[in-house]
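Asks: okay, sequence plus prediction incoming.
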Amino acid sequence: MLQRAYATTEPSYRSDEPRILFGDSTPFPFGLDFLTALRAVVDCCVALLSAQHAIDQALKRSSQVEEGLKGERWRLDSLLDAVQKAASPFANASPSVTASAAEVMAATRAVVERERVAVERRWSGELQQAQRIVDDASGTAYQALEAFLLRHTPPQTGVSWRLVADADGYDAQVRLVTRFGVEARFGVALPEGHAWSRLRRVADLAPGLSLTSPKTIRLDRLYVSEAVVEPERVSLWLRRSPRTGAGVRLAVVGETEDAEVQLLDELGQPQGDVYELDGDERATPFRLASALVDATFDLALRRQLMTGAALDGTTLRGRFEPRDVCARLIAGYAPVVSEISRRSCAPEELMLRRDLGGGRREAVFITRNELRSRLSRLPPPLRALFDPFEL
């Protein structure tokens with residue numbers, strides 16, 4: 001059951017949905033309307049690149065102003081030098097002429113300094129405006145990525161979730177790790193009445209379970225204090241009270257079918273050795289882990305707020321280059337888009353089919369022209385990032 005739960009990393013797929021096929025009626029490996037996701041990823045990338053264009057223009061304007069500032073400084077310094085050279089022959093003249101020359105130099109210095117301060121002020125204002133534009137564009141790009149990842153899970157993305165007991169129920173988080181370097185974390189909305197909006201014991205998931213190694217432990221009355229479900233591994237922390245008391249940590253690995261157990265002390269800290277279970281001993285942790293996966297699988301669909309995101313470990317909170325994220329998204333989807341294109345019936349269409357059963361199939365398609373039209377507001381150099389889609 002645990003392995004079956006991870007037959008796909010795309011949690012929007014349900015077994016009762018029609019099967020999705022390529023245009024040539026061969027099985028499509030993703031259980032979702034990929035064309036809807038394709039529209040969304042194009043729109044997301046357009047928003048990212050629009051933000052990038054705003055950033056590029058702001059930085060270009062900032063650079064131009066900086067060059068202008070250097071020119072103004074040079075001209076003001078040249079003016080001061082020219083006046084100083086013009087006044088120098090009169091240094092040994094009569095006292096009245098010398099005093100006049102000194103007065104001219106003092107006035108020139110005052111004017112030059114006043115203008116230098118004014119130039120610096122204009123430059124500071126331009127720099128602050130450019131910084132605001134960059135910050136606002138980065139925020140807009142972050143929101144665009146959030147809106148996309150809240151509704152869509154890129155192909156071959158690892159999906160995991162975590163539950164931690166609080167005073168009345170559980171705080172839940174979801175984590176997406178894409179194969180192209182983008183990682184995101186989300187808060188989860190648990191509606192009133194949801195099974196995990198209240199504290200739960202082991203008996204609520206799989207009653208009658210006991211451990212015999214490293215000692216005999218009846219699990220029924222232990223609370224689920226914390227649980228982490230990952231594509232390869234499920235871990236549970238079970239304690240006498242939701243957040244206090246001794247207990248046990250269980251972990252199972254779906255691919256290798258390994259299982260381990262470790263005792264927890266009164267503070268919930270690991271106590272003693274980690275015991276690897278063999279044979280029939282593994283049945284209890286696997287049964288409990290499978291029940292947990294079945295009972296929490298909807299959490300990935302309930303993500304509602306992106307609490308953090310990173311590209312290759314570098315946070316996307318604050319300033320970042322939206323084009324880098326866009327390029328990764330396109331690279332992540334491009335192989336699937338290319339395969340859909342190869343198996344579609346018409347060269348100007350990307351087609352999938354829904355297997356409705358009873359010998360009926362429904363064609364769903366999107367035209368390349370529609371996708372190209374979504375790029376129209378981008379400048380040509382930025383549109384080139386979509387070349388892997390061969391639109």
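Replies: Arrived safely, thanks for sending.

Asks: for stretch 53-67, C-alpha coordinates in CSV please.
Replies: Extracted C-alpha coordinates of stretch 53-67, given in CSV (Å, rounded to 0.1, in the frame of the first residue of the first chain):
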residue,chain,number,x,y,z
HIS,A,53,12.0,43.3,-18.1
ALA,A,54,11.0,45.9,-15.5
ILE,A,55,14.2,45.0,-13.5
ASP,A,56,16.4,45.2,-16.6
GLN,A,57,15.0,48.6,-17.6
ALA,A,58,15.4,49.9,-14.0
LEU,A,59,19.0,48.7,-13.9
LYS,A,60,19.7,50.1,-17.4
ARG,A,61,18.3,53.5,-16.3
SER,A,62,20.3,53.4,-13.1
SER,A,63,23.4,52.7,-15.1
GLN,A,64,22.7,55.6,-17.5
VAL,A,65,22.2,58.0,-14.6
GLU,A,66,25.4,56.8,-13.0
GLU,A,67,27.3,57.4,-16.3
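
Asks: what comes up buried for it?
Replies: 53, 54, 55, 56, 58, 62, 65 (16 or more other Cβ atoms under 10 Å). Backbone N, C-alpha and C define where each C-beta goes, glycine included.

Asks: and if you look at stretch 82-89?
Replies: 83, 87.

Asks: now distance to residue 255 and pLDDT too, for the buried residues of stretch 53-67, in a markdown table please.
Replies: Formatted as a markdown table, the buried residues of stretch 53-67 follow (distance: Cβ to Cβ, whole Å; pLDDT from 0 to 100):
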| residue | distance to residue 255 | pLDDT |
| --- | --- | --- |
| 53 | 44 | 94 |
| 54 | 45 | 93 |
| 55 | 43 | 92 |
| 56 | 45 | 92 |
| 58 | 48 | 88 |
| 62 | 51 | 81 |
| 65 | 57 | 78 |
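
Asks: ok, those vs residue 391, which is closest?
Replies: The closest of the buried residues of stretch 53-67 to residue 391 turns out to be residue 53 (Cβ to Cβ; 19.0 Å).

Asks: helix, strand or coil for the closest one?
Replies: helix (DSSP: H, G, I helix; E, B strand; the rest coil).

Asks: doesn't residue 381 make contact with it?
Replies: No. Under the criterion of Cβ atoms under 8 Å, residue 53 is not in contact with residue 381, lying 9.2 Å apart.

Asks: burial count for the closest residue to residue 383 other than its chain neighbours?
Replies: In this structure, residue 383 finds its nearest non-sequential neighbour in residue 375, 5.0 Å apart by Cβ to Cβ, 6 or more residues apart in numbering. By other Cβ atoms under 10 Å, 18 other residues sit near residue 375.

Asks: just the element for residue 241, please.
Replies: Here residue 241, judged by DSSP states H and E, is contained in no helix and no strand.

Asks: quick one, what contacts the spatially closest residue to it that is not a sequence neighbour?
Replies: Leaving out its chain neighbours, the residue that sits closest to residue 241 by Cβ to Cβ, 6+ apart is residue 223, at 6.2 Å. Residue 223 makes contact with 165, 199, 200, 201, 202, 238, 239, 240, 241, 242, according to Cβ atoms under 8 Å, 6 or more residues apart in numbering.

Asks: right, and the second one touches residue 168 too?
Replies: Yes. Contact status for residue 199 versus residue 168: in contact at 7.1 Å, counting by Cβ under 8 Å.

Asks: which of those two has more neighbours?
Replies: Higher neighbour count among residue 199 and residue 168: residue 199, with 18 against 9, using other Cβ under 10 Å.

Asks: ramachandran angles for that one?
Replies: Geometry field for residue 199 lists phi and psi as phi -70, psi 140, criterion degrees, to the nearest 10.

Asks: could you measure from it over to residue 235?
Replies: Here the criterion is Cβ to Cβ, to the nearest Å. By it, residue 199 lies 19 Å from residue 235.

Asks: and what of residue 290?
Replies: 14 Å.

Asks: repeat for residue 151
Replies: On the measure of Cβ to Cβ, residue 151 and residue 235 end up 28 Å apart.

Asks: which element is residue 174 on?
Replies: Here residue 174 is assigned to strand 170-177, by DSSP H and E.

Asks: who are the packing partners of the helix or strand just after that strand?
Replies: For strand 170-177, the following helix or strand on the C-terminal side (DSSP H and E) is strand 182-188. Under the contact definition 3 or more Cβ pairs under 8 Å, 6 or more residues apart in numbering; DSSP states H and E, strand 182-188 sits against helix 95-151, strand 170-177, strand 303-311, helix 322-343.

Asks: who touches strand 182-188?
Replies: Contacts for strand 182-188 (Cβ under 8 Å, 6+ apart): 145-146, 149-150, 154, 161, 172-177, 299, 302-311, 313, 325, 328-329.

Asks: go again using 7 Å as the cut-off
Replies: 149, 172-177, 299, 302-311, 325, 328 (Cβ atoms under 7 Å, 6 or more residues apart in numbering).

Asks: thinking again about what came up before, so which of the helices and strands packed on strand 182-188 gets nearest residue 370?
Replies: helix 322-343 (13.6 Å).

Asks: quick one: buried residues of that closest one?
Replies: Applying 16+ other Cβ under 10 Å to helix 322-343 flags 322-330, 332-333, 336-337, 340-341, 343 as buried.

Asks: go ahead and confirm residue 222 touches residue 240.
Replies: Yes. At 6.5 Å, residue 222 counts as touching residue 240 under the criterion of Cβ atoms under 7 Å.

Asks: what residues do the two have in common as contacts?
Replies: By Cβ under 7 Å, 6+ apart, the residues touching both residue 222 and residue 240 are residue 247.
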